[in-house]
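Engineer: Next comes the sequence, and after it the predicted model I'd like to discuss.
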Amino acid sequence: MMFLVNFVLDDEEIYEPYEWQIDDRYEEFSYLVIFHFQTSMLYDFLYGTLKIDDMDDGIYIIGDSHYCFVVEISNHMILRRGTIDYQQQNIVFKIIDTLPVSSFHYTVLQRACVKEFGLTRLERTKKQVIEEMLEDAYYYHNDVLKKICKEFMITDNNKTIQYQRILSMIETGYNHVHDILYEQFISKKFG
C-alpha cells in the first residue's frame, strides 16, 4: 500500500484531509511502521513538544482506533507531523485494532492548544488573528476595546469582564461574530 502523507513542521497544526490544498507538502511512502497508542499518549504526540527516550529516528503512523497521524522522529524529537487521507486511515484503523498497545518513554517539554476540528484553514487563521488582536486591544488599546464593546452592546464597565464576554462569543466554532471582528480589525475600523 502506498501512503500519501501531508506533512507540516512540528510547530504547525496538522491538516485534516478536508483541509488539504495543492501546494501542501506531500510525500509518498511504500511502507510505514504502525504503532497502536493509548489515546492519552496519542494526544501527547499530537499536541506536545516531546523528548522521546526510546523511539528510533524514522517515520511512523501512530494511532488509536479512532484517530491516526504520521510522525517523523529525528534526534529523539518530533520533527514533522502529517496526515493520510480518509481511505488510508480506515485501512490503518483495521491494522491498529490487531496490534498490541505500544508504549514509549518520553518527557513533555510543552503543549500546544488543542486544535478545534471542523474549521477550515482560513477560519482557523482568521480566528487566531482575532484572538491576537483582541488580546492586544485588552492590554494596550482601551479605545479599541470600548469600540468593540459598543459594537456588540456589551455595557459592563469592568474591562476584564468586557474582554471575557467578547472571548466567550468567539470561543467555539466560527460564526458571524468572527467575520465581523475580522473585517473590522483588517479594515482598521476599530483602530
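Structural biologist: Right, received. Where do you want to start? Please read these numbers as outputs of a predicted model, since none were measured by experiment. Numbers count the residues shown, from 1 in each chain.

Engineer: Mind naming the longest helix for this structure?
Structural biologist: Selection of the longest helix in the chain by residue count, based on DSSP state H, yields helix 121-140.

Engineer: list the buried ones in that one?
Structural biologist: By neighbour count on 16 or more other Cβ atoms under 10 Å, the buried set for helix 121-140 is Glu123, Arg124, Lys126, Lys127, Ile130, Met133, Leu134, Ala137, Tyr138. Heads up, the C-betas are built off the backbone N, CA and C, glycines and all.

Engineer: can you pull the contacts of Met2?
Structural biologist: Counting by Cβ atoms under 8 Å, 6 or more residues apart in numbering, Met2 makes contact with Glu28, Phe29, Ser30.

Engineer: rerun that using 7 Å as the cut-off
Structural biologist: Residues near Met2 by Cβ atoms under 7 Å, 6 or more residues apart in numbering: Glu28, Ser30.

Engineer: how close does it get to Ala137?
Structural biologist: As defined by Cβ to Cβ, to the nearest Å, Met2 lies at a distance of 49 Å from Ala137.

Engineer: Phi, psi for the residue in the chain sticking out farthest from the centre please.
Structural biologist: The outermost residue of the chain relative to its centre, with distances by Cα atoms, centre = their mean, is Asn157 at 34.4 Å. The phi/psi pair for Asn157 (degrees, to the nearest 10) reads phi -90, psi -10.

Engineer: any idea of the pLDDT on it?
Structural biologist: For Asn157, the model assigns a pLDDT of 87.

Engineer: Make TSV out of the buried residues of helix 121-140 and add distance to Glu171.
Structural biologist: Shown next, in TSV, are the buried residues of helix 121-140 (distance: Cβ to Cβ, whole Å):
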residue	distance to Glu171
Glu123	14
Arg124	14
Lys126	15
Lys127	10
Ile130	11
Met133	16
Leu134	12
Ala137	17
Tyr138	15
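
Engineer: what's the lowest-pLDDT member of the residues you listed?
Structural biologist: Arg124 (83).

Engineer: Now do the strands in this structure.
Structural biologist: Ranges of strands within the chain are 3-9, 25-29, 33-36, 48-52, 58-63, 68-74, 77-83, 106-111, based on DSSP state E.

Engineer: So, low pLDDT: which residues of this protein?
Structural biologist: Along the chain, segments meeting pLDDT under 70 span 113-117, 189-191.
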